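Asker: Quick one, what's the 3D model for this:
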Amino acid sequence: MLKNNMEKIELFNIFKTDTLCSRESVQRIFRATPNKEFIIDFRKIVFISKSFAHELLDTVYTKKLTVDFVNMSDNVETMLRVAYIKPKIELKMNNVVNLATCC
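Answerer: Sure, this is the predicted structure:
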């Protein structure tokens, strides 16, 4: 069961690839839903580009989303750390990452 009615997004099931490289891919993730709370599942994703990571974090910040990242590979986690630039996003790295904007 998903906590707090968060919508789960399984990236591999959406993109059918283990590599995510474009900013447009991030836009596709959030385009079809009005929700503000998500669990983004990186299961089977082995690589994300810096542009994908930056766009993902920027979207979370600008749209004031609450996002839990789960099942990240070391490569994915590293790229999110590299792309992290917004100080108002709480970025916790382990196997679950919660990103929530400050009020």
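Asker: so where do the helices sit in this protein?
Answerer: With DSSP state H applied, the chain shows helices at 11-15, 23-31, 50-62, 74-83, listed in chain order.
Asker: Make a markdown table from the ones you listed and add distance to residue 43, mean pLDDT and mean neighbour count to it.
Answerer: For glycine as for every other residue, the C-beta is placed from the backbone atoms N, C-alpha and C. Formatted as a markdown table, those follow (distance: least, Cβ to Cβ, whole Å; pLDDT from 0 to 100; neighbours: other Cβ atoms under 10 Å):
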| stretch | distance to residue 43 | mean pLDDT | mean neighbour count |
| --- | --- | --- | --- |
| helix 11-15 | 6 | 95 | 15 |
| helix 23-31 | 15 | 90 | 15 |
| helix 50-62 | 16 | 91 | 18 |
| helix 74-83 | 10 | 90 | 16 |
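Asker: Among the ones you listed, which comes closest to residue 40?
Answerer: Proximity of the helices of the chain to residue 40 was assessed by Cβ to Cβ; the nearest stretch is helix 11-15, lying at 6.7 Å.
Asker: Pull the residues that contact the closest one.
Answerer: If you take Cβ atoms under 8 Å, 6 or more residues apart in numbering as the criterion, helix 11-15 is touched by 18, 20, 25, 28, 29, 40, 41, 42, 43, 44, 45.
Asker: just stretch 34-50 next, same as before
Answerer: The set of residues external to stretch 34-50 that reach it, using Cβ under 8 Å, 6+ apart, is 2-12, 18-22, 29, 56, 63-73, 75-76, 79-80, 82-83.
Asker: In it, which residues are buried?
Answerer: Going by neighbour count (16 or more other Cβ atoms under 10 Å), the buried part of stretch 34-50 is 38, 39, 40, 41, 42, 45, 48, 49.
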